[in-house]
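[1] what would the 3D arrangement of this be:
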Amino acid sequence: VGFLALWKATPPKLTAALTCCLAPALVSCLINGQDVFFLLLWIGLAARLLALNRPVATGLVLSLCLQKYHLFALAPLWIVGQRRWRAGVGVCAGAAGLLALSFVGAGWSWPVEYFRVLSAPAIHPSVELMPNIHGLASMDGFSFGFEVLLVTLVAAAVWYVCRHGSEDYAMCAALAGGLLVSRHAYPADASLLIPVAAILLHKSSFQPTRILTFICIFPMTHALFTRGVFPFDHLLHLSLLGMIAAMLIEVRRFPNP
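    Numbering: from 1, shown residues only. All right, here's what the predicted structure looks like:
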């Protein structure tokens, strides 16, 4: 509700609301008790502050997304590609504050303890259910080199969109690309595609972009993926990769969409 209340007028709130109703990832958040709802709230607030031309405040709010920093690995490309230097200052200031609070609350040894938790295999179960390149590579037994190649190509495509596309398209590319290149993500984390879908379904005039975006949030796509229904168990991965590629083509064909 907070995300929808904060969402900017373009695309309309109705489009964003319908996208929320369509996205099964939100149901997964509720069932599994995930905190991705907060990420949507921060994204909605940051988008509103950016529309009000308050870049430093935008960056401060975006720093709260460090709760799942691995999903925002490509966010720096948005800052640099769009030359959002003041927003970058806000992100750095917010990150420094959060780190300081972490040391105050958990002591000087928390980074070592945190790394030990991250290294435990128990927090990375069912890798084949990860809606990212790491999950795709694990299902088909691809080499680590192939995974690195795909990650590099996605990062390059996101950089191009951030550098040459509009503000909205840059945000969409950074969010979708961040999900793809993350090493730890599960179906609930695909909730980050909600603002992406709301923007692209409303603003894109390139049919492949619209079709692939719809497939990414279509409930049946997630049902086939989570149940490993062959040959549709790769549909979500391929649609996400295709959506990034379609955005790249659209930005090249229609500058600043």
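[2] wait, what's in contact with Gly178?
    By C-beta atoms under 8 Å, 6 or more residues apart in numbering, the contact set of Gly178 is Leu71, Phe72, Ala73, Leu74, Ala75, Leu192. (Glycine included, C-beta is placed from N, CA and C.)
[3] helix or strand for it, which one?
    helix 167-181 (DSSP states H and E).
[4] show me which residues of that helix are buried.
    Neighbour-count burial for helix 167-181 flags 168-181 (criterion: 16 or more other C-beta atoms under 10 Å).
[5] from the contacts of Gly178, which single one is nearest Glu128?
    Relative to Glu128, the closest of these is Leu71; by C-beta to C-beta it sits at 18.6 Å.
[6] send me stretch 248-257 as CSV with only the CA atoms.
    C-alpha atoms of stretch 248-257 as CSV (Å, rounded to 0.1, in the frame of the first residue of the first chain):
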residue,chain,number,x,y,z
LEU,A,248,18.9,-2.6,-25.3
ILE,A,249,17.5,-2.9,-28.8
GLU,A,250,14.7,-0.5,-28.0
VAL,A,251,17.2,2.1,-26.6
ARG,A,252,19.4,1.7,-29.7
ARG,A,253,16.4,2.1,-32.1
PHE,A,254,14.5,4.7,-30.3
PRO,A,255,17.0,7.0,-28.3
ASN,A,256,15.9,8.0,-24.8
PRO,A,257,12.6,6.0,-24.7
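[7] going forward, begin numbering at 36 instead of 1
    Sure thing, new numbering starts at 36, so read that last one as stretch 283-292.
[8] ok, residues contacting that stretch?
    For stretch 283-292, contacts defined as C-beta under 8 Å, 6+ apart pick out 192, 195-196, 199-201, 204, 238-241, 243-244.
[9] of those residues, which qualify as buried by neighbour count?
    For these, a neighbour count by 16+ other C-beta under 10 Å gives the buried set as Ala192, Tyr195, Val196, His199, Gly200, Ser201, Tyr204, Lys238, Ser239, Phe241, Thr244.
[10] can I get the residues you listed in TSV with pLDDT?
    Shown next, in TSV, are the buried ones among the contacts of stretch 283-292 (pLDDT from 0 to 100):
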residue	pLDDT
Ala192	98
Tyr195	97
Val196	97
His199	94
Gly200	94
Ser201	93
Tyr204	95
Lys238	90
Ser239	92
Phe241	94
Thr244	96
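[11] and those, which is closest to Asn167?
    Ala192 (15.0 Å).
[12] who's in contact with the closest one?
    By C-beta under 8 Å, 6+ apart, Ala192 lies in contact with Ala208, Gly212, Ile279, Ala280, Met282, Leu283.
[13] ok, the first one to Val36 distance?
    It stands for Ala208. 27 Å (C-beta to C-beta, to the nearest Å).
[14] repeat for Asp268
    Counting by C-beta to C-beta, the gap from Asp268 to Val36 is 34 Å.
[15] and these two? which has more neighbours close in?
    It is Asp268, of Asp268 and Val36, that has more neighbours when counted by other C-beta atoms under 10 Å, with 18 against 9.
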